[in-house]
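>>> how does the following fold in three dimensions:
(2 chains)
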Amino acid sequence: MQNMNLYSRGDKFFVKINMVLVALFTISTLYPFIYIAAMSFSSGFAATSGKVVLTPIQSTLAAYNVVLAEPEFWRSYLNTFIYTIGGTIMSLLIVIPGAYALSRPQLLGRRFWNLLVAFTMWFNAGMIPFWLNMRDLGLLDSYFGIIIAFAVNAFNIILLRNFFESIPSSFEEAARMDGANEFQILWKVYMPLSKAAIATITLFCVVARWNGFFWAMILLSDESKIPLQVYLRHTIQRLSDDEEFTTTLITAPYSVETVTAAIIICSIIPVLLFYPFIQKYFNKGILLGGVKE
Amino acid sequence: MSGVSIESVFKRYGAVQVVHGVDLTVEEKEFVVLVGPSGCGKSTTLRMIAGLEEISDGEIAIDGRVVNRIAPKDRDVAMVFQNYALYPHLNVAENMAFGLRIRRMPKDEVKKQITEVAEILGLTEYLERRPADLSGGQRQRVAMGRAIVRHPKVFLFDEPLSNLDAKLRTQMRAEIRRLHNRLGVTSVYVTHDQVEAMTLADRIVVMNDGNIEQVGTPMELFNNPVNTFVAGFLGSPPMNQIQGTLTDQGAQIGGHELRILGAASGQTGRDVVVGIRPEHISLEAGPETSPLPIALDLVEPLGSEALLHGSFGDTPMVLKVDTHGDVAHLSGVSEIHVPADLVYLFDAETGGAIRGQAN
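Numbering: from 1, shown residues only, chains lettered A, B, ... in the order given. The predicted structure follows:
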């Protein structure tokens, strides 16, 4: 059979350019991670003198020994889990029913409510009023404060609302004829059909919570409640200010850089482990076969 | 009595009225088909029966109970949707069981019902499959199964076959009719396909522009259409309609005298529309036929029959003739013969029937 040339020279060139761009993008995304990993396994001297580029120099687990031996590290790690899991669950509990309600054509004043939600994306009170508000509500230095204060995200609501709106109304009508109430329609029909969108939002929430730094720093002064990111900052500060530590840099098996890198690696691992579980939902075609358009 | 009664039902969306006072009674166990062109209000009427659309005015009763303010789930009706609306995350058995589980039917009973219905519909071996793994016909059968397992008082079908290919549609059409004969459940079926309407219905309701044009058995409507719309809608190909004027013996059309048996006497000079069904036209002269010239431009062979497309004056015409195994001779046709007893007459102004088929 004749080998037909389906692609023009221009097409092939376009594909090659794309591949080069994708490769460059992948490298630029991956390299910081590789660099930090190499740094965390290198000696303090190698790290400080800038010898680490791609692989660990004078390989050692010293930085990890330091990090893992700190009870505060484990406490902040636990706190991050609490904020991430609690915050994500709280967000989903609010965002999913909220998005569903906003997607219903029969919602009274639907346009107004949608506008109200979108409004918060453009305008908000600002940092100081927000802090004062949290103080007056007694939510400073509180686990619940961090969990509830950032539970509603207008972007996520709008994203999910749009997804719900794209589901053919005949599913809802069929469920309604089958005897389902609003809650059952959401739980048994819309949520299973929206796994991909919910997975996306869950990932957004998890990553945002896991990396949450700024507001945790502002709202939490109790060391026992700070998350990992704030702990990381405190550690860098503490080690930089430690004169005894900085004077032994040449001989010390670890440095501020390697300890920082080790904490970063420790903090990345859970997200890396979580992603494959959620990745399977990032597939299209969940509605395939259910309706014929 | 599990019938459906619709009394002076109106549907308005804001200032736009789409259903204008529909009256219809569907008897128990009857299979009624609502047919009409897109936008005629047939689906809206069905959805009002289902409870998926509110009724702006009027009254709908199911089994003698007014349901205007009753939720769809409490009307005891089941609906088969045009696009199937099968839950893609559930398998066939779970799809069919959905309504029963919502109603908290015991598991054993659910299983029994599913097994029974799956057997009726030939779905037993597909119970574990997801909708995506089924063919179009199988999906449609699952959609019907989901309706049947609930044993509703009324089945509602919203163009259930329109997404299937022609062959499957014919097959499923027969299956639906057999199923109705077996289950005997009152059914209201919406379609824009007049063939479906003719083959399935006990009675057909022809709708146009939010109004009912005519209600009757398929043959009543075919033989005695009340107006040009019904005459043109039922029948394949549709009835030829030619402007003319009544004479003593029949009608004058395009300068030709057409003999019509039993033409309304004493109305000479009245403007009319003459209706001639394509299959009533003959290529050979008979004792009671009138010749008409035709300019043929296309012959469509269908096997045992052929459709001849042409024009009489400025009016396009179609006729259906037997081929007797050959279509070569048909391309030379220049004259057709219209039997005097098989001509319809409609008022030119109102479109209303002056007389139906003579015999």
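
>>> which residues does B:Val274 bridge with?
Under DSSP bridges, the beta-bridge partners of B:Val274 are B:Ile242, B:Leu345.

>>> what sits against it?
B:241-244, B:251, B:253, B:258, B:260, B:343-345 (C-beta atoms under 8 Å, 6 or more residues apart in numbering or on different chains). Yep, even glycine has a C-beta here, placed from its N, CA and C like the rest.

>>> gap between it and chain A?
Relative to chain A, B:Val274 is positioned 42 Å away (C-beta to the nearest C-beta, to the nearest Å).

>>> could you do B:Ala15 as well?
19 Å.

>>> counting neighbours, what do you get for that residue?
By other C-beta atoms under 10 Å in any protein chain shown, 5 other residues sit near B:Ala15.

>>> for it, what are phi and psi?
phi -90, psi -10 (degrees, to the nearest 10).

>>> same thing with the one 5 residues further on?
Per-residue torsions, B:His20: phi -110, psi 80 (degrees, to the nearest 10).

>>> likewise for B:Asp248?
Dihedral angles for B:Asp248 - degrees, to the nearest 10 - are phi -60, psi -40.

>>> leaving out chain neighbours, which residue sits closest to it?
B:Thr268 (6.0 Å; C-beta to C-beta, 6 or more residues apart in numbering or on different chains).

>>> what of B:Tyr126?
B:Val92 (5.2 Å).

>>> what about that neighbour, distance to B:Met48?
Per C-beta to C-beta, to the nearest Å, B:Val92 is found 30 Å from B:Met48.

>>> ok, the two, which is more surrounded?
Between B:Val92 and B:Met48, counted using other C-beta under 10 Å, B:Val92 has the larger neighbour count: 28 against 24.

>>> quick check: the more buried one vs B:Val149, distance?
11 Å.

>>> how about B:Lys107?
B:Lys107 is 14 Å from B:Val149, by C-beta to C-beta.

>>> please say which of these two ends up with more neighbours.
Using other C-beta under 10 Å as the criterion, B:Lys107 and B:Val149 rank with B:Val149 on top: 23 against 10.

>>> wait, what's in contact with that one?
By C-beta under 8 Å, 6+ apart, the contact set of B:Val149 is B:96-97, B:99-100, B:113-114, B:117.

>>> closest one of those to chain A?
Set against chain A, the nearest of the contacts of B:Val149 by C-beta to the nearest C-beta is B:Gly99 (3.4 Å).

>>> ok, the residue nearest the centre of chain A - contacts?
By C-alpha atoms, centre = their mean, chain A has its centre lying nearest to A:Val207, at 1.0 Å. Listed by C-beta under 8 Å, 6+ apart, the contact set of A:Val207 reads A:Val271.

>>> ok, back up a step: now do the contacts for the residue nearest to B:Asp248.
Contacts of B:Thr268 by C-beta under 8 Å, 6+ apart are B:246-248.

>>> quick one, phi/psi of it?
According to degrees, to the nearest 10, B:Thr268 has phi -50, psi 130.

>>> likewise B:Ala85?
Torsion angles, degrees, to the nearest 10, at B:Ala85: phi 50, psi 40.

>>> what about it, neighbour count?
Burial measure for B:Ala85: 29 neighbouring residues, criterion other C-beta under 10 Å.

>>> next: the one 4 residues further on.
Look at B:His89: counted by other C-beta under 10 Å, it has 18 neighbours.
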